[in-house]
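Enquirer: with the sequence up front, the predicted model follows.
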Amino acid sequence: MIVAPIEITVKNGKKLTLKSVRPSDAQLMLDHLIISHAESYQNLNRDGNYWKKVTLEEEEKILTNLEDANMRFMLGAYDNGKIVAGLGIFGSDPGTFTRFSAMLGISIQKQWHNTGLGTSMMKYAMEKCKEAGLHRLELSVRTYNPEGIALYEKVGFRRIGTLTEIAFIDGKFVSEYLYEKIL
């Protein structure tokens with residue numbers, strides 16, 4: 001699914017463009033993922049080294065598959081031609097009973113934390129999800145990530161449970177909260 005571009009202004013006065021990350025932006029996306037995962041790997045699902053091993057062709061294929069899907073997309077926040085944040089919506093395949101539900105994941109480079117970028121991206125993504133016919137969004141967040149928890153609750157996500165010791169990070173098991181939002 002391709003999302004139309006919009007311009008936003010964040011708290012520091014910078015203007016950013018939110019738009020679909022296209023296959024031609026694969027290198028920009030890989031650059032963002034390497035930075036964001038190196039900075040915040042404890043809150044994401046891969047360490048920074050993972051994205052250094054992904055080839056340009058592999059990332060192009062991922063982005064092509066998202067672009068060609070009805071209930072999936074990758075939204076990027078662009079600053080002067082660079083991607084500084086990414087938000088993915090990963091819906092089910094048509095014909096499944098869960099086709100109106102999707103998973104959400106977001107990564108924001110640290111210099112853009114607490115600027116309102118996450119809120120803007122979440123609100124725009126939810127608007128596009130409604131337009132696409134999605135009914136429910138789901139995400140999980142590490143229990144020790146107060147910034148993420150605050151963002152999700154601010155935009156209306158509701159905590160529905162705990163995924164106990166779901167991830168193994170830095171030699172220990174960590175838990176996540178499960179959140180949902182009915183659109």
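Expert: Happy to help now that I have it. Residues are numbered from 1 along each chain as shown.
Enquirer: can you name the element that comes right after the lowest-mean-pLDDT helix or strand in the chain?
Expert: Least confident helix or strand of the chain, by mean pLDDT, DSSP states H and E, is helix 48-53 with a mean of 84. Heading C-terminal from helix 48-53, the first helix or strand you meet, by DSSP states H and E, is helix 56-67.
Enquirer: and M103, what element?
Expert: strand 101-108.
Enquirer: what are the buried residues along that strand?
Expert: S101, A102, L104, I106, S107, I108 (16 or more other Cβ atoms under 10 Å). Using the backbone N, CA and C atoms, a C-beta is placed for each residue, glycine as well.
Enquirer: contacting residues for the third one?
Expert: Contact analysis of L104 by Cβ atoms under 8 Å, 6 or more residues apart in numbering lists L87, G88, I89, F90, A125, L137, E138, L139.
Enquirer: let's see that with 6 Å instead.
Expert: I89, L137, L139 (Cβ atoms under 6 Å, 6 or more residues apart in numbering).
Enquirer: in the protein, where is pLDDT below threshold?
Expert: Applying pLDDT under 70 to the chain picks out no residues at all.
Enquirer: where do the strands sit along it?
Expert: For the chain, the strands defined by DSSP state E occupy 6-9, 15-20, 72-79, 82-91, 101-108, 136-142, 158-169, 172-182.
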